[in-house]
Each structure stands twice: as structure tokens, then as C-alpha cells.
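[1] Sequence first, predicted model second:
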Amino acid sequence: MIQIRNVPDDVHRALRARAAAAGVSLSNYVLDEIVRVAARPPVADVLARAGTRRSGVTGMDVVAAVRDGRDRPA
């Protein structure tokens, strides 16, 4: 069981309205949202994985590509 205290009134109203629009209870709506958030990996994990990948493209390659695109006539 999770209890959330001090939810601002405007946030509570917005969540209640979204739940009603989805045709579910507020509790089920919030549970679905929590499940969705928990299924996503933390940003730190995503960044760590991205840092281990090597694309073969260097920073200089990116700079050259940007300059090439900028220097082309429109």
C-alpha cells in the first residue's frame, strides 16, 4: 500500500479528471501511471549504457558534418 500526502489540490483535480476521462478510478489510474514509470529504466542507467556504446563517429566527424550542412547553398 502506498499513501501520498500533501498532493496539491490542482494536481489532485487533474489526476481525477484524467482518471474519469479514461473511465477508471483515481486509484487505478495512479497505479497504472506508477507501473509505467517503474518500468522505465532510471536516467542514470540509460546514460551509463549509452556511454559504453561506440558508434565509430568522433566529435570531429560531427563537427565536420554540421559545417558541411551549414555551408551548402540553400
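    Perfect, I can see it now.
[2] end-to-end on stretch 42-61?
    One end of stretch 42-61 sits 30 Å from the other (CA to CA, to the nearest Å).
[3] In this protein, what residue spans correspond to helices?
    Along the chain, counting by DSSP state H, helices occupy 9-22, 26-39, 43-52, 59-71.
[4] Now tabulate these in a markdown table and tack on mean pLDDT.
    Shown next, in a markdown table, are these (pLDDT from 0 to 100):
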| stretch | mean pLDDT |
| --- | --- |
| helix 9-22 | 98 |
| helix 26-39 | 97 |
| helix 43-52 | 88 |
| helix 59-71 | 90 |
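[5] want to throw these into JSON lines with mean neighbour count?
    For glycine as for every other residue, the C-beta is placed from the backbone atoms N, C-alpha and C. JSON lines is the format used below for the helices of the chain (neighbours: other CB atoms under 10 Å):
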{"stretch": "helix 9-22", "mean neighbour count": "12"}
{"stretch": "helix 26-39", "mean neighbour count": "12"}
{"stretch": "helix 43-52", "mean neighbour count": "9"}
{"stretch": "helix 59-71", "mean neighbour count": "9"}
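[6] what's the closest of these to Met1?
    Among the helices of the chain, the nearest to Met1 by CB to CB is helix 26-39 (10.7 Å).
[7] report the angle between the axes of that closest one and helix 9-22?
    For helix 26-39 against helix 9-22, the angle by axes from the mean of the first three to the mean of the last three CA atoms, to 10 degrees is 100 degrees.
[8] what helices or strands is helix 26-39 leaning on?
    helix 9-22 (3 or more CB pairs under 8 Å, 6 or more residues apart in numbering; DSSP states H and E).
[9] The nearest residue to Val7 once chain neighbours are set aside: what's it in contact with?
    In space, and not counting its chain neighbours, Val7 is closest to Leu15: 8.0 Å by CB to CB, 6 or more residues apart in numbering. For Leu15, the contacting residues are 7, 26, 29-30, by CB atoms under 8 Å, 6 or more residues apart in numbering.
[10] re the thing from before, with distance to Met1 added, can I get the helices of the chain in CSV?
    Output for the helices of the chain, formatted as CSV (distance: least, CB to CB, whole Å):
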stretch, distance to Met1
helix 9-22, 18
helix 26-39, 11
helix 43-52, 27
helix 59-71, 50
